[in-house]
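>>> curious how this folds, go ahead:
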Amino acid sequence: MATELALGFSSLQRVIDAVRQVKERLLRVTSVLNLAEIPYAVVGGNAVGVWVARIDKGGVRNTPDVNILLRRADLLAAVAVLETAGFFHRQTPNDHLFLDGPQGSPRAAVHVHMANELLRENDLIRSPDVSESEAVEQFRLLSLEPLVRMKLTSYRLKDQVHLQDLLEVGLIDATWLGRFTQELAERLQRILDNPHT
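Here you go, the predicted model:
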């Protein structure tokens with residue numbers, strides 16, 4: 001029994017540490033970009049989490065990585081300042097990664113997505129601009145409507161889950177259908193029709 005408790009505590013501590021490290025990584029990256037005055041916006045699971053927490057902190061879902069939206073014109077400047085902060089730049093076919101140290105895991109990396117571009121070849125619309133953001137306590141957060149638009153555009157399973165989270169706390173509803181193109185509105189309608197699948 002003592003061994004089981006010890007293992008349980010150790011496992012729980014690892015979970016707590018993993019969540020804490022993601023939040024620390026987010027704040028490190030955004031503080032460096034803030035100091036360098038490089039425009040950006042936090043997107044992805046962390047952005048959804050901040051929006052959800054405004055309504056119900058119990059609805060926040062953990063995420064292993066950090067996602068940042070940048071303009072392509074600012075990429076080289078961002079690479080320079082983030083590398084001085086200990087991040088290692090790696091380019092993939094779909095985006096740019098910043099590993100947290102030389103042994104950093106791609107699963108826990110900072111993912112940079114280009115603003116005003118198609119993020120994937122089959123995307124229906126371009127990504128938002130970083131100007132579609134707002135200041136929160138310590139960083140720039142993509143505003144809710146462009147964030148929903150990004151999630152509807154990507155529409156992977158995790159994007160659908162994030163949309164369900166936003167729906168569940170009342171941040172989006174059927175009145176949002178008219179804000180999007182027909183294809184994106186149809187995707188949102190599927191979420192509205194099946195909020196818990």
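
>>> dump the helix or strand where residue 75 lies to CSV, restricted to CA.
Assigned by DSSP states H and E, residue 75 belongs to helix 75-84. The C-alpha trace of helix 75-84 is given here as CSV (Å, rounded to 0.1, in the frame of the first residue of the first chain):
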residue,chain,number,x,y,z
LEU,A,75,10.0,35.4,-38.0
LEU,A,76,13.7,36.0,-38.3
ALA,A,77,13.6,38.6,-35.5
ALA,A,78,11.6,36.1,-33.4
VAL,A,79,14.1,33.3,-34.1
ALA,A,80,17.0,35.6,-32.9
VAL,A,81,15.4,36.6,-29.7
LEU,A,82,14.0,33.2,-28.8
GLU,A,83,17.3,31.5,-29.4
THR,A,84,19.0,33.9,-27.0
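
>>> ranges for the helices of the protein?
Taking DSSP state H, the helices of the chain run over residues 2-35, 44-53, 75-84, 144-154, 157-168, 182-193.

>>> may I see those helices organised as CSV, with distance to residue 95 and mean pLDDT added?
C-beta here means a position set from N, CA and C on the backbone, and glycine is covered the same way. Below are those laid out as CSV (distance: least, Cβ to Cβ, whole Å; pLDDT from 0 to 100):
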stretch, distance to residue 95, mean pLDDT
helix 2-35, 14, 82
helix 44-53, 11, 97
helix 75-84, 11, 97
helix 144-154, 12, 97
helix 157-168, 15, 96
helix 182-193, 21, 97
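
>>> which ones are touching the residue nearest the centre of the chain?
The centroid of the chain falls nearest to residue 44 when counting by Cα atoms, centre = their mean (1.7 Å). Contact analysis of residue 44 by Cβ atoms under 8 Å, 6 or more residues apart in numbering lists 63, 65-67, 111.
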